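Trainee: any chance you can model this:
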Amino acid sequence: MIVSKHPVIFLGAGPGDPELITVKGQRALKEAELIIYAGSLVPKELLKWSKPGVSVLNSASMHLEQIIDAMVEGYAGGKRVVRLHTGDPSLYGATLEQMLELERRNVPYAVIPGVTAAFAAAAALGIEFTVPDVSQTLIFTRMAGRTSVPEPESLASLASHKASMVIYLSMKLVEQVEAVLRKAYGDRATCAVVFRASQPEEKIIVTTLKDLSRRVKEEKITRHALILVGKVLDVRREGLKHKSKLYDQSFHHSHRRKDDTQLF
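Mentor: Numbering: from 1, shown residues only. A predicted model of the protein is given here:
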């Protein structure tokens, strides 16, 4: 008898709110027969979408070889295996090393994207990262720590562009982050810290760069938070000076002709 074998699914859990997982991701969890989830980052509440009795492994205490062995064993046994990662698997997920190991062992896999925490943070703040004539560039980065950063991508180098920026995985280095950002954006530039975006414990700090590390320490935030900086954080206070051409009455395109008199 031929056992039906399903590709291992790398699934983005989203920022933490169980309802912010994609429909496709939710379906994958409901069908899963083995779930290996990143327990140090993915809230256990996400597992509510799985069926009763499903095998669940928390990878927080597992090393790479153990994770791969579990996925390969599940696949070989004909199980539907889901590797549940926080946010989106393509961003700071350490997924490539897992995929390459599966390829080496001839185990097929597929990826279901998820909502990264930066977008949940923007939703919580009510901001748009790309505002006409304010910023049209969004940078995701991190401060170099135990994980190095290529020199051309140093925080100082990227900050020099003064674009909208979201800094991941850097709360323990917040003083260094503050020092770098103050040189590029200025002491009085607005910044925000969003802790556990979209989750019940969500906390938002809006301050200036000169007070960033002090405020973070006051709130005892050491992880699970993002730092956001850029002129887009000031648009509500300063007013929107330039609107998008997309909905400008005088701007015509293939879906809105100059002689259109009604919406349809």
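Trainee: can I get stretch 131-147 in PDB, CA atoms only?
Mentor: Extracted C-alpha coordinates of stretch 131-147, given in PDB (Å, rounded to 0.1, in the frame of the first residue of the first chain):
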ATOM      1  CA  VAL A 131       2.800  58.600   2.900                       C
ATOM      2  CA  PRO A 132       3.300  60.800  -0.200                       C
ATOM      3  CA  ASP A 133       6.200  63.200   0.100                       C
ATOM      4  CA  VAL A 134       6.900  62.000   3.600                       C
ATOM      5  CA  SER A 135       8.300  58.500   3.100                       C
ATOM      6  CA  GLN A 136       8.000  56.000   0.300                       C
ATOM      7  CA  THR A 137      10.400  53.500   1.800                       C
ATOM      8  CA  LEU A 138      10.100  51.000   4.700                       C
ATOM      9  CA  ILE A 139      13.100  49.300   6.200                       C
ATOM     10  CA  PHE A 140      13.000  46.200   8.400                       C
ATOM     11  CA  THR A 141      16.200  45.600  10.300                       C
ATOM     12  CA  ARG A 142      17.800  44.700  13.600                       C
ATOM     13  CA  MET A 143      20.700  45.800  15.700                       C
ATOM     14  CA  ALA A 144      23.800  43.700  15.500                       C
ATOM     15  CA  GLY A 145      24.100  41.500  18.600                       C
ATOM     16  CA  ARG A 146      24.900  37.900  18.900                       C
ATOM     17  CA  THR A 147      23.600  37.600  15.400                       C
END
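Trainee: run through who's touching that stretch.
Mentor: Here stretch 131-147 makes contact (CB atoms under 8 Å, 6 or more residues apart in numbering) with 91-92, 116, 118, 129-130, 149, 153-155, 158, 161, 163-170, 172-173, 176-177, 180, 230-232, 235, 240-245. For every residue, glycine as well, the C-beta is placed using N, CA and C.
Trainee: recalculate using a threshold of 6 Å.
Mentor: Outside of stretch 131-147, the residues within contact range by CB atoms under 6 Å, 6 or more residues apart in numbering are 129-130, 155, 158, 163-170, 173, 177, 230-232, 235, 242, 244.
Trainee: in strands, which of the residues you listed fall?
Mentor: For those, the ones inside strands are S164, M165, V166, I167, Y168, with DSSP state E as the criterion.
Trainee: before we move on, back to that, mind checking which of the contacts of stretch 131-147 are buried?
Mentor: 129, 155, 158, 163-170, 173, 177, 230-232, 235 (16 or more other CB atoms under 10 Å).
Trainee: separation between E219 and G16?
Mentor: Distance, E219 to G16, using CB to CB, to the nearest Å: 18 Å.
Trainee: likewise L233?
Mentor: In this structure, L233 and G16 are 22 Å apart, going by CB to CB.
Trainee: kindly report the same for V131.
Mentor: 26 Å.
Trainee: tell me which of these two has more neighbours.
Mentor: With neighbours defined as other CB atoms under 10 Å, V131 and G16 compare such that G16 has more, 25 against 19.
Trainee: isn't that one up against P43?
Mentor: Yes: using CB atoms under 6 Å, G16 is in contact with P43, at 5.2 Å.
Trainee: joint contacts of these two?
Mentor: By CB under 6 Å, 6+ apart, no residue touches both G16 and P43.
Trainee: M62: neighbouring residues, count only.
Mentor: For M62, the tally of surrounding residues (other CB under 10 Å) stands at 16.
Trainee: how about V115, secondary structure?
Mentor: Taken by DSSP: H, G, I helix; E, B strand; the rest coil, the conformation at V115 corresponds to coil.
Trainee: can you count the residues close to the closest residue to it other than its chain neighbours?
Mentor: Once flanking residues are discounted, V115 sits nearest to G14: 4.4 Å by CB to CB, 6 or more residues apart in numbering. A count of nearby residues for G14, using other CB under 10 Å, gives 27.
Trainee: ramachandran angles for G14?
Mentor: phi 90, psi -170 (degrees, to the nearest 10).
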